[in-house]
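**Student:** no FASTA, just this:
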């Protein structure tokens, strides 16, 4: 907009700026000594056979060296435009970006067979990932006796794992346990080519076993099944006719039966800000929306596993065969395990983040008592949340990837209501 050829339209377009950037950065985001071989002592070690078995204090390897680990590289590209119209009363900003990560560093869970115990990880270059998206922002300002400003934001990000290194193309994230403090550690977030990082993969279910006929059929998959059990689906993983398309199950329930169920990442987010002034009155409010994200209600899983949920009053019993909740058979049973798709919920929400109404006493009145400003106001934070999620709060935080979208009992956003007087001398 500073160029001569732009001057004929400056009465409409006040300014225009086009931006573009590209850059590459390196990342060595792993803890010191995390790739050094280490042995931990004071580990239980059974020795002996038959009646002469003893439990001694032993040692095991808990850290694994990786001489092949290397820097993660991120290449970022961005193009944007800033526009202002009508003497800067109306503004608009748009950005389109793409970020490509290669040799992405991530701690991966080791199998127990590696000898390091449960929950041990090793940092590896797991593959490549792409983030691309768009960010929009616009606002309009009107000045006058009744002054007002309205602004909105919109952002959409598409995340994909484009390559997985090594032979394992389906990696579980160690921090994706559905609940803390349970004996069964069920993890639900994975890295897989073609999906977003931290995508949920769970086992599909098909209601509850309610009749003897259904029980006979389900026992072909789970021989120990009983009436009132949750009925899992044996995913199509076997190609019986050689056409390259799986058309039958393998009669075994394991990780191969997990199916994609979304993730904690929203399809888009949006915001709306409104403020206005009339005479001595002022008003403002801020809305925020997140759409398309999924939540796994870890709180509910925990309460079901340990029999503390009031929902269990409505579980299946021989006298309540139409109940919507499977029978309680203890925390180890498959009925309430975290890898079930029954815990996936729509986490979309619309929230009024802030709202305030104030009145400023005229200066001709307050100057007589030595004040420069006197304002009374009422305000609220998070007074309204519209969502289908039945947990405490759909705005689940956690660490941003491994446990993104998993509600492990994060302290919910509180609604606050205030009234006050603001004085300036």
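**Tutor:** Thanks, I have the structure now. Keep in mind the model is a prediction, meaning the values are calculated, not measured. Numbering: from 1, shown residues only.
**Student:** could you use CA atoms for every contact and neighbour count after this?
**Tutor:** Will do.
**Student:** can you read off the pLDDT for residue 149?
**Tutor:** If you check residue 149, the pLDDT there is 97.
**Student:** that should have said residue 53, apologies.
**Tutor:** In this model, residue 53 carries a pLDDT of 85.
**Student:** just give the closest residue to it, not the sequence neighbours.
**Tutor:** Once flanking residues are discounted, residue 53 sits nearest to residue 47: 5.7 Å by CA to CA, 6 or more residues apart in numbering.
**Student:** so who does the one you found touch?
**Tutor:** By CA atoms under 8 Å, 6 or more residues apart in numbering, the residues touching residue 47 are 53, 54, 55, 56.
**Student:** check residue 265 too.
**Tutor:** Counted by CA under 8 Å, 6+ apart, residue 265 has contacts 292, 293, 294, 404, 405.
**Student:** remind me, longest strand of the chain?
**Tutor:** strand 121-142 (DSSP state E).
**Student:** for it, packing partners?
**Tutor:** Strand 121-142 sits against strand 90-109, strand 146-164, with contacts defined as 3 or more CA pairs under 8 Å, 6 or more residues apart in numbering; DSSP states H and E.
**Student:** how about residue 8, secondary structure?
**Tutor:** The three-state label given to residue 8 by DSSP: H, G, I helix; E, B strand; the rest coil is helix.
**Student:** pLDDT value on it, please?
**Tutor:** According to the prediction, residue 8 has pLDDT 74.
**Student:** next: residue 400.
**Tutor:** 69.
**Student:** what do you get for residue 318?
**Tutor:** For residue 318, pLDDT reads 94.
**Student:** residues in contact with stretch 134-152?
**Tutor:** Here stretch 134-152 makes contact (CA under 8 Å, 6+ apart) with 89-97, 153-157, 270-279.
**Student:** rerun at 7 Å
**Tutor:** 89-97, 153-157, 271-279 (CA atoms under 7 Å, 6 or more residues apart in numbering).
**Student:** straight-line length of that stretch, end to end?
**Tutor:** 14 Å (CA to CA, to the nearest Å).
**Student:** would you mark the buried spots in that stretch?
**Tutor:** 134, 135, 136, 137, 138, 139, 140, 148, 149, 150, 151, 152 (16 or more other CA atoms under 10 Å).
**Student:** same question, stretch 163-174
**Tutor:** Buried residues in stretch 163-174 (16+ other CA under 10 Å): 163, 164, 171, 172, 173, 174.
**Student:** tell me the mean pLDDT for that stretch?
**Tutor:** In the prediction, stretch 163-174 has an average pLDDT of 84.
**Student:** before we move on, what about stretch 122-136?
**Tutor:** 90.
**Student:** before we move on, what about stretch 378-385?
**Tutor:** Rounded mean pLDDT across stretch 378-385 is 96.
**Student:** number of residues surrounding residue 356?
**Tutor:** Neighbour count for residue 356, taken as other CA atoms under 10 Å: 18.
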